[in-house]
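Peer 1: Need a 3D model of the following:
(one chain, ligands or ions: 1)
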Amino acid sequence: MHYLKIVFGGILMIRTKNVSYQTKAGTRILDHTNWEWKYGQKIGLMGKSGAGKTTLAKILAGFLLPSSGEVIPPKERDGVASIQLIWQHPEQAVNPKWRVRKILEEAGEIDQGLLQQFNIPSEWLQRFPQQLSGGELQRICIVRCLMVNPSYIIADEMTSMLDPVSQAEIWKQFMHIVEANNTGLLVISHERKLLERITDHILDIEELQG
Ligand SMILES: Nc1ncnc2c1ncn2[C@@H]1O[C@H](COP(=O)(O)OP(=O)(O)OP(=O)(O)O)[C@@H](O)[C@H]1O
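Peer 2: You can find the predicted model right below:
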């Protein structure tokens, strides 16, 4: 197991065991969610608005603790880079006071190849986040995520703010890298056609609840 962990650079499976979440006001959002997400699996996650998809994503990525149940392995034991979450709103995922260069360097040495693949001119590195469009900043966030070479990526409505041409181009580049690295991928989207194209299996969050 330890050997495999080194070979793959990550954990072989992420499991939610009876994960429930309720708000402070007592509204139950997730109810005994049981799910296994294997290394390399590309899963699409759908479900009606407010059903808890983003909540589950935050719990998986360690940004939110479940009210009960557990994620195995727990975030603190699986290493910093194992699961990365790409948010729908990139402006909420970066420090607005940092220039793009510093935002990227947070993930390590800047990968020039990735900048090229996502059409990011070096001039952008001098800018602050608010000096880029939402779609441009999202490309920065995608590159920052890929730079740490995570074993698992959750893409939560990652391209929903983009026009169809940019959306298609970004998914093409992104899937090329994710396929090459055999990254586990959870794509949260309301666009079934997109999920059918890029994932192996589509789940409705309702199916995961106990
Ligand atoms: N901090 C919070 N306090 C109270 N309620 C919250 C909080 N965060 C989320 N919720 C509620 O939890 C429910 C689930 O939200 P979540 O964002 O997980 O849904 P979703 O399935 O991702 O929805 P969408 O498809 O619209 O993005 C919603 O009803 C939302 O209003």
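Peer 1: Does the ligand have contacts with the helix or strand harbouring residue 207?
Peer 2: Using DSSP states H and E, the element containing residue 207 is helix 205-208. No - residues of helix 205-208 contacting the ligand under CB under 6 Å from any ligand atom: none, with a closest distance of 6.6 Å. The C-beta positions use only the backbone N, C-alpha and C, and glycine is treated the same way.
Peer 1: Give me the buried positions along stretch 27-39.
Peer 2: Of the residues in stretch 27-39, those scored as buried under the neighbour-count criterion (16 or more other CB atoms under 10 Å) are 29-31, 33, 35, 37, 39.
Peer 1: For that stretch, list the C-alpha coordinates in CSV.
Peer 2: This file holds the C-alpha atoms of stretch 27-39, laid out as CSV (Å, rounded to 0.1, in the frame of the first residue of the first chain):
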residue,chain,number,x,y,z
THR,A,27,-31.4,22.5,8.1
ARG,A,28,-30.2,19.0,7.0
ILE,A,29,-28.3,19.3,3.7
LEU,A,30,-26.5,16.0,3.5
ASP,A,31,-28.0,12.8,5.0
HIS,A,32,-25.7,9.8,5.5
THR,A,33,-23.8,10.2,2.3
ASN,A,34,-21.9,7.1,1.4
TRP,A,35,-19.6,7.1,-1.6
GLU,A,36,-16.4,5.7,-2.9
TRP,A,37,-14.3,7.7,-5.3
LYS,A,38,-11.4,5.7,-6.7
TYR,A,39,-8.1,7.0,-8.0
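Peer 1: ok so, going back, in strands, which of the buried residues of stretch 27-39 appear?
Peer 2: Applying DSSP state E to the buried residues of stretch 27-39, the entries found in strands are 29-31, 33, 35, 37.
Peer 1: confidence score at the residue nearest the centre of the chain?
Peer 2: Relative to the mean C-alpha position of the chain, the nearest C-alpha, by CA atoms, centre = their mean, is the one of residue 154, at 2.4 Å. At residue 154, the pLDDT value in this model is 97.
Peer 1: Packing partners of the helix or strand hosting it?
Peer 2: Using DSSP H and E, residue 154 sits in strand 152-156. On a contact count with 3 or more CB pairs under 8 Å, 6 or more residues apart in numbering; DSSP states H and E, strand 152-156 meets helix 53-60, strand 83-86, strand 184-188.
Peer 1: right, and these - which one's nearest residue 200?
Peer 2: When these are compared for distance to residue 200 using CB to CB, the nearest one is strand 184-188, at 9.2 Å.
Peer 1: does any part of that closest one sit near the ligand?
Peer 2: No - Strand 184-188 does not reach the ligand (CB under 6 Å from any ligand atom); its nearest approach is 6.7 Å.
Peer 1: by how many degrees do that strand and helix 53-60 diverge?
Peer 2: Between strand 184-188 and helix 53-60, the angle formed by their directions is 150 degrees, by axes from the mean of the first three to the mean of the last three CA atoms, to 10 degrees.
Peer 1: Tell me which helix or strand comes right after strand 184-188.
Peer 2: Next element after strand 184-188 (DSSP H and E): helix 192-198.
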